[in-house]
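Undergrad: sequence plus the predicted model coming up.
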Amino acid sequence: MQTNDELITALKTIVKPYVQDEEAFAQLTEQTSFIKDLKVNSANLVDVALDVEEKYDIEIDNESMERMLTVGAAIDIIRQKLAEK
Amino acid sequence: MGESIFNKRVDTNVQTCDHILQKLPYRKPFLFVDTLVSVTENGVEGRYTFAADSFFYEGHFVGNPVTPGVILTEVMAQIGVVCLGIFLLSDSSINDLKIAMTSTQIDFYQPVFPGETVTVRSVKEYYRFQKLKCNVEMRNSREELVCRGSIAGMMNVKSDA
């Protein structure tokens, strides 16, 4: 199982192309909101989810997508889906 | 793009196409779909004719009317993404459709002049979490490539509608 730091690093790589607030990105924590803090738009948040699915070979369901609003929530979802595999 | 689904001449349900046109949230002077030729889960084909008296020719360009690229993009979005999106949503209470274009990446190859008819063909790249992304191309009546690219939008439905 990967550490939170490893997951955050991987997520940062995935989110980076869609980020509109570089300062918030530089200070990214598990509490960081993709939309409110990083100013990612909802369409690009879908791309983040699709990239996460591809990287970890998991499938994110609609319910998980709805709560994938912060970095921490994304990490929880990745862990949960990996555990279910 | 445009391999199997268009060559097969899918036996399109005329009623389905009419239904989609009725659900389109556009009106003159910003409705850019005349007819849908075919629609399947994977793609759509439709046509539009640019009336010679369309409002944008007056200023684009002065004394030299050419269809603006943004309008060509809009034609591709309305036929290629919105019509397909309405089909994919099917009848799930689309009385209050909230749509938004979220990205475009289009290359242009040929000008389109007043009075020309264009055909738009769109192939779905993916439809996930309300986001529909398509590879779309437009051809003129001589089947020459006018423009081609990628367009995405969010297809949100207000559930309390």
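TA: Received it, and whenever you're ready, just let me know what you need. Residues are numbered from 1 along each chain as shown, chains lettered A, B, ... in the order given.

Undergrad: from here on, contacts and neighbour counts on C-alpha atoms
TA: OK.

Undergrad: state the distance from the residue nearest the centre of chain A to residue A:32.
TA: Centroid-nearest residue in chain A: residue A:74, 4.4 Å away (criterion: CA atoms, centre = their mean). Going from residue A:74 to residue A:32 by CA to CA, to the nearest Å gives 11 Å.

Undergrad: gap between residue B:69 and chain A?
TA: 23 Å (CA to the nearest CA, to the nearest Å).

Undergrad: so who does that residue touch?
TA: By CA atoms under 8 Å, 6 or more residues apart in numbering or on different chains, residue B:69 lies in contact with residue B:108.

Undergrad: same check on the one 5 residues further on?
TA: With contacts defined as CA under 8 Å, 6+ apart, the neighbours of residue B:74 are residue B:32.

Undergrad: next, the residue lying closest to residue A:75 once chain neighbours are set aside: secondary structure please.
TA: Once flanking residues are discounted, residue A:75 sits nearest to residue A:7: 6.6 Å by CA to CA, 6 or more residues apart in numbering or on different chains. Under the three-state scheme (DSSP: H, G, I helix; E, B strand; the rest coil), residue A:7 adopts helix.

Undergrad: neighbours around residue A:7, how many?
TA: Other residues within reach of residue A:7, judged by other CA atoms under 10 Å in any protein chain shown, total 18.

Undergrad: number of residues surrounding residue 22?
TA: Chain wasn't specified; assuming chain A. Considering only other CA under 10 Å, residue A:22 is surrounded by 13 other residues.

Undergrad: oops, I was thinking of chain B
TA: Using other CA under 10 Å, the number of residues around residue B:22 comes to 10.

Undergrad: what about it, helix or strand, and which?
TA: helix B:14-23 (DSSP states H and E).

Undergrad: average pLDDT for that helix?
TA: Per-residue pLDDT over helix B:14-23 has a mean of 88.

Undergrad: same check, this time on stretch B:116-124
TA: Averaging pLDDT along stretch B:116-124 yields 98.

Undergrad: now that stretch, how far from the centre of its chain.
TA: Taking CA atoms, centre = their mean, to the nearest Å, one finds stretch B:116-124 lying 7 Å from the centre of the chain it belongs to.

Undergrad: any residues touching that stretch, and which ones?
TA: Under CA under 8 Å, 6+ apart, the answer for stretch B:116-124 is B:1-2, B:42-51, B:75-76, B:79-81, B:132-141.

Undergrad: please name the nearest non-neighbouring residue to residue B:33.
TA: residue B:48 (5.2 Å).

Undergrad: same question, residue B:47
TA: Closest to residue B:47 by CA to CA, 6+ apart is residue B:119, at 4.5 Å.

Undergrad: for residue B:135, what are its contacts?
TA: If you count contacts by CA under 8 Å, 6+ apart, then residue B:135 has B:1, B:122-125, B:148-151 around it.

Undergrad: any chance of TSV for the residues you listed, columns distance to residue B:98 and secondary structure?
TA: Output for the contacts of residue B:135, formatted as TSV (distance: CA to CA, whole Å; DSSP: H, G, I helix; E, B strand; the rest coil):
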residue	distance to residue B:98	secondary structure
B:1	28	coil
B:122	21	strand
B:123	22	strand
B:124	20	strand
B:125	21	strand
B:148	25	strand
B:149	23	strand
B:150	21	strand
B:151	17	strand
